[in-house]
Every structure is written in structure tokens, then in C-alpha cells.
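A.B. asks: build the 3D model from these lines:
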Amino acid sequence: MTLPQEAGDERLAHGITVVDTGFVRPRFDAAYLVVEEGRAAVIDTGTNAAVPRILAALAAQGLEPAQVDWVIPTHIHLDHAGGAGLLMQQLPNARLLVHPRGARHMVDPSQLMAGVRAVYGEEAVRRDYGELVPVPAQRVLAAEDGMVVHLAQRPLRLLDTPGHARHHLCVWDEASGGCFTGDTLGVSYREFHTARWHYALPSSSPVQYDPVALHASVARLLSLRPALAFITHYGAVAQVEAQADMVLRQSDAMAALAQRLRDAPDFGPRLRDGLRRIYLAEARSRKVGLGDDEILQLVQADVELNAQGLAIWLGSGSAPAGAAAQ
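C.D. replies: I've put the predicted structure just below:
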């Protein structure tokens with residue numbers, strides 16, 4: 001299949017820029033730069049390799065690193081927070097705002113790194129993520145549910161949103177009427193977008209997927225009536241209710257499939273096959289202009305990670321050593 005060869009920053013309204021972190025492929029993983037009255041916040045950071053891209057996006061707007069006040073990972077999975085420590089070294093005035101369950105792992109990432117290695121393997125971690133840089137404890141602030149911080153005079157409200165992970169938060173931005181949702185509203189790759197339609201799927205990646213909590217978190221976000229969802233994978237989505245419905249419908253189907261197969265001797269292969277069928281059926285219903293093989297290639301990693309997360313949720317699998325940190 002043909003994937004986009006180039007990608008770049010996308011400037012949106014309300015001082016928001018989508019920064020392509022370059023992780024995996026173009027337009028797969030986003031960091032968001034939010035600028036207000038000469039002050040800046042970075043929401044999600046990508047991996048260590050994304051740090052030069054974020055600094056370049058800052059410079060492109062005529063801002064210095066000292067003008068960044070906040071770095072806010074939605075959660076501590078490495079495609080969202082892996083570059084946070086390295087980035088913080090470049091931002092002398094910034095504070096790291098992170099879910100209370102994730103704060104200690106930003107200060108001492110050793111347990112987090114052990115869990116990531118257990119899930120992905122040593123070689124993949126070295127290739128894709130590198131080593132996490134610790135953040136000094138005095139620069140880390142635990143984001144309690146409902147906390148409001150300000151970027152200049154612009155309020156940003158932090159919401160505890162478990163489901164994808166227990167250390168997940170979303171950021172409500174009153175100025176744009178939008179919410180930075182991390183993985184709570186799933187993933188919607190740009191290859192799945194057309195002028196009228198898009199397709200999104202849930203992320204149940206290890207190790208803390210909880211479909212019941214996900215329903216509650218999505219309902220909470222929708223109660224805010226967001227005009228936009230700024231998702232990490234990838235970009236701004238205006239059809240927020242449609243995306244939420246897609247994600248929850250498939251999450252329910254995934255959980256039901258896993259429960260039906262719980263005692264099957266070939267649980268893993270049948271679960272993966274069933275996930276592929278769920279995703280293909282939904283993508284076709286959304287009129288995605290790709291063939292089946294192209295769709296399956298795009299979701300291949302999600303099938304594997306989602307199957308692992310479902311197995312752990314069921315108790316059919318066990319959390320890898322150190323993975324409780326994730």
C-alpha cells in the first residue's frame with residue numbers, strides 16, 4: 001500500500017499546532033503545541049526522537065524554550081510520554097503535569113522501562129524509544145481530577161479518564177471548545193479519512209484496559225459537548241460523537257469476543273482473527289476507501305496489542321514484570 005511520504009505541522013485555530021512526531025510513519029503520532037499570549041504548552045510529546053520536531057515547531061512560531069510553561073502527557077505510554085524527560089531538559093521554565101499514577105514513573109522510569117521491554121522486547125524498545133530521561137521531582141506536578149491550570153489566562157482542565165489506562169487524563173480546552181483525548185477516543189489514522197467519512201478503532205493495549213471505565217470516561221467527555229477531539233493518533237476530529245460511538249461499539253464487541261473465547265485452547269489466534277473481522281466490518285461500514293489488505297496492514301499492530309490487553313483484562317494472560325507501572 002502507499003503511505004504518505006511527507007508530513008508536517010498543521011496549524012489549527014485557537015493557537016493549536018499538530019506536530020507530527022515522526023513515530024512509526026508520517027501522521028501516526030501527534031504532539032500538540034498550544035500557544036496563548038506568548039506562552040506555550042505541549043500536550044503529549046512522542047518519543048525522544050520527537051524532541052527536535054517540537055522545538056522546531058516552537059521556533060517556527062517565534063517562541064523560545066523558556067516560554068513553555070507546561071508539558072502534559074495524557075498518559076505515560078511511550079508514544080505519548082517517552083520524550084517528556086528529554087524535552088523537559090530543553091525547557092527551563094516548564095513543569096510536567098501528569099496523572100498521579102504516572103508521576104513517580106516520570107521521576108524514576110526504571111519500572112516503566114522494564115514493563116515496556118516485557119511487552120515489546122529489548123530490541124524494539126532500543127530501536128523505537130531509547131531510554132527515558134528522568135524528570136526532577138520538583139518539576140513534576142500530579143494532575144488531580146478537575147484541576148485547572150492556566151496558560152497565560154487560558155484555562156486547561158485536567159480530567160481523570162481511565163479505560164485505556166488507569167493513568168490516563170484528558171485536557172479540556174475551553175478556548176477551542178475541544179478536548180485533547182490521548183487514546184480515550186481511540187485511534188483514527190489519516191489513511192482512514194475521506195472528505196466525508198473516517199474510521200476509528202479502540203486501543204486496549206496492555207496492561208490496564210477496562211471497557212466499563214472507558215464507557216464512563218467517554219460519557220464524561222461527551223457531556224462537555226466538545227466541538228473537536230484532538231487525538232494523538234491522529235489530529236483533530238470534528239465528528240466527536242460519531243467517533244465515540246464507533247470506539248465504544250467496537251470496544252464492546254472486543255470484550256464480548258474475548259469473553260466467548262475465554263476457555264478456547266486456541267484463544268490467541270481466534271481472538272486476533274475475531275479482532276480483524278470486527279475492524280474490517282466497521283471500516284467497511286464507514287466507507288473507508290482502502291482494500292481489506294490495506295486496512296489490515298494499518299491495524300496489524302493494534303490487533304496484536306489489543307489482543308494482549310484483552311487477555312490481561314480477562315485474566316487469560318498476566319501482566320509482564322514491571323508492567324503495573326504502565
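A.B. asks: return the residues in contact with the residue lying closest to Trp313 once chain neighbours are set aside.
C.D. replies: The shortest distance from Trp313 to any residue other than its chain neighbours is 5.0 Å, reached at Tyr209 (Cβ to Cβ, 6 or more residues apart in numbering). (C-beta placed from N, C-alpha, C; glycine too.) Going by Cβ atoms under 8 Å, 6 or more residues apart in numbering, Tyr209 touches Gly163, His164, Ala165, Gly309, Leu310, Ile312, Trp313.
A.B. asks: counting neighbours, what do you get for Glu191?
C.D. replies: Counted with other Cβ atoms under 10 Å, residues neighbouring Glu191 total 22.
A.B. asks: pretty sure it contacts Leu290?
C.D. replies: Yes - Glu191 lies in contact with Leu290 (Cβ atoms under 8 Å); the separation is 6.8 Å.
A.B. asks: any shared contact partners between the two?
C.D. replies: With Cβ under 8 Å, 6+ apart, Glu191 and Leu290 have common neighbours Leu298.
A.B. asks: can you show me the helices along the chain?
C.D. replies: Assigned by DSSP state H, the helices in the chain fall at 51-60, 78-81, 84-90, 100-107, 110-120, 122-128, 211-223, 240-260, 267-285, 292-314.
A.B. asks: looking at those helices, which one is packed in the most?
C.D. replies: helix 78-81 (a mean of 27; mean count of other Cβ atoms under 10 Å).
A.B. asks: quick one: contacts of it?
C.D. replies: For helix 78-81, contacts defined as Cβ under 8 Å, 6+ apart pick out 21, 23, 29, 44-47, 73-75, 98, 102, 106, 116, 128-129, 132, 182-183, 232-233.
A.B. asks: can you list which of those residues are found in strands?
C.D. replies: By the criterion of DSSP state E, membership of these in strands covers Val98, Gly182.
A.B. asks: residue contacts, Leu224?
C.D. replies: Trp172, Cys179.
A.B. asks: if you set the cut-off to 10 Å instead, what comes out?
C.D. replies: Arg157, Leu159, Cys170, Trp172, Glu174, Gly177, Gly178, Cys179, Val240 (Cβ atoms under 10 Å, 6 or more residues apart in numbering).
A.B. asks: now Gly177
C.D. replies: With Cβ under 10 Å, 6+ apart, Gly177 has these contacts: His14, Leu224, Arg225, Pro226, Ala227, Leu228.
A.B. asks: kindly reformat those as a markdown table containing pLDDT and distance to Ala66.
C.D. replies: Output for the contacts of Gly177, formatted as a markdown table (pLDDT from 0 to 100; distance: Cβ to Cβ, whole Å):
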| residue | pLDDT | distance to Ala66 |
| --- | --- | --- |
| His14 | 97 | 23 |
| Leu224 | 97 | 32 |
| Arg225 | 97 | 36 |
| Pro226 | 98 | 31 |
| Ala227 | 97 | 32 |
| Leu228 | 97 | 29 |
